[in-house]
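Return atomic coordinates for the entry below.
(one chain, ligands or ions: 1)
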Amino acid sequence: MLIDTHCHLDAGEFDGDRAQVYAHALLHGVERIVVPAVAVDGFAGTKSTVAAYSRCVAAYGIHPLYVMQAGEDDLVQVGDWLDRERPVAVGEIGLDFHVPGIDAARQQSFFVAQLKLARARDLPVILHVRRAVDAVLRELRRVRVRGGIAHAFNGSPQQAAEFIKLGFKLGFGGAATYSGSTRIRQLAATLPIESIVLETDAPDIPPVWLNRGRNAPGELPRIAAEVAALRGMPPAALIAATGDNARGVLGFS
Ligand SMILES: [Zn+2]
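Residues are numbered from 1 along each chain as shown. Down below sits the predicted model:
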């Protein structure tokens, strides 16, 4: 099953043509789209997006780049949304030490608090990890959740193995289509097939053929074909295996 495990279909970039973007993705064989929220004030929009488009499922959480405008009450609200909406995962949560001006300690405290919310509900998590792989792994060892997805994974093979041990799948998307992304392509080619899932991260991380234009979930089959070629396997087999992985870790049918 072709599953886009990370797509911000609720983002403002799609306000003008969301229905067409969704229809285009379905036309190209995308069967499920996971829409992770990034901030509490967007949760209602995430909810209405997944309600309007039946192949979409939601995750709710506070993204590390949005912690500066979030307060303690936002964490209470995340808990409430998780209880009320029963999403497939908590996300998008994590750590980002690449973008300047986002207090690291504050990121850490929101991340840990949300890991605890996930653990208390036995929910998987969708992780955003940028320049913070070891810091994220450290917290995951302290607060054991049931696993999840490390989205747009970019780490070493050793770090990948650590995530896998903790019950995580590693997400690959547009970045794997650039010939210069040697490390990511190497990982996509060599990691055990049981541990990888596909994603677009639309509207971000456009594959090479979009020339930095807006990414969309309809690009997923071509991304799948690229990853399949890197692994020397038929695209249909890769789509079947990664779809099973995504459904297994996020627990939907
Ligand atoms: Zn994202």
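
what does the average pLDDT come to for stretch 90-98?
Stretch 90-98 shows a mean pLDDT of 98.

list the buried ones in that stretch?
Using 16 or more other CB atoms under 10 Å as the test for burial, stretch 90-98 gives Val90, Gly91, Glu92, Ile93, Gly94, Leu95, Asp96, Phe97. The C-beta positions use only the backbone N, C-alpha and C, and glycine is treated the same way.

The residues you listed in strands, which ones?
Secondary structure assignment by DSSP state E places Val90, Gly91, Glu92, Ile93, Gly94, Leu95, Asp96 of the buried residues of stretch 90-98 in strands.

re the thing from before, can you add distance to Tyr66 and give the buried residues of stretch 90-98 back as CSV?
Converted to CSV, those look like this (distance: CB to CB, whole Å):
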residue, distance to Tyr66
Val90, 14
Gly91, 12
Glu92, 9
Ile93, 10
Gly94, 11
Leu95, 13
Asp96, 10
Phe97, 15
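
Tell me, how many residues neighbour Gln69?
11 (other CB atoms under 10 Å).

thought it was touching Val40?
No: Gln69 sits out of contact with Val40 when judged by CB atoms under 8 Å, with a separation of 9.5 Å.

tell me which of the ones in strands among the buried residues of stretch 90-98 is nearest to Thr200?
Glu92 (13.8 Å; CB to CB).

still on that earlier bit, got TSV for the ones in strands among the buried residues of stretch 90-98, with distance to Val35 too?
Output for those, formatted as TSV (distance: CB to CB, whole Å):
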residue	distance to Val35
Val90	13
Gly91	10
Glu92	10
Ile93	15
Gly94	17
Leu95	21
Asp96	20
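
and which of those residues is nearest Tyr60?
Of all those, Tyr60 sits closest to Val90, with 6.8 Å by CB to CB.

in the sheet, who's paired with the closest one?
With DSSP bridges as the criterion, Val90 is bridged to Tyr60, Val125.

would you list every one of the helices in the chain?
With helices called from DSSP state H, the chain shows them at 18-27, 43-52, 72-85, 104-121, 133-142, 157-165, 182-190, 220-231, 235-250.

Nearest to Glu199, out of those helices?
Comparison of these against Glu199 by CB to CB identifies helix 220-231 as nearest, at 7.9 Å.

Average pLDDT for that closest one, rounded please.
pLDDT averaged over helix 220-231 gives 98.

Give the other helices and strands that that helix contacts.
helix 182-190, strand 196-198, helix 235-250 (3 or more CB pairs under 8 Å, 6 or more residues apart in numbering; DSSP states H and E).

tell me the mean pLDDT over the last one?
Per-residue confidence for helix 235-250 averages out to 98 on the pLDDT scale.

Please apply the same query to stretch 47-64.
Mean per-residue pLDDT for stretch 47-64: 98.

From here on, call the first residue 42.
New numbering, starting at 42: the last item is stretch 88-105.

Start and end of it, how far apart?
Stretch 88-105 has an end-to-end distance of 20 Å (CA to CA, to the nearest Å).

Now it: buried residues?
Buried residues in stretch 88-105, counting neighbours by 16+ other CB under 10 Å, are found at 88, 90-91, 94, 97-105.

same check, this time on stretch 138-154
Across stretch 138-154, burial judged by 16+ other CB under 10 Å covers Phe138, Ile143, Gln148, Gln149, Phe151, Phe152, Ala154.
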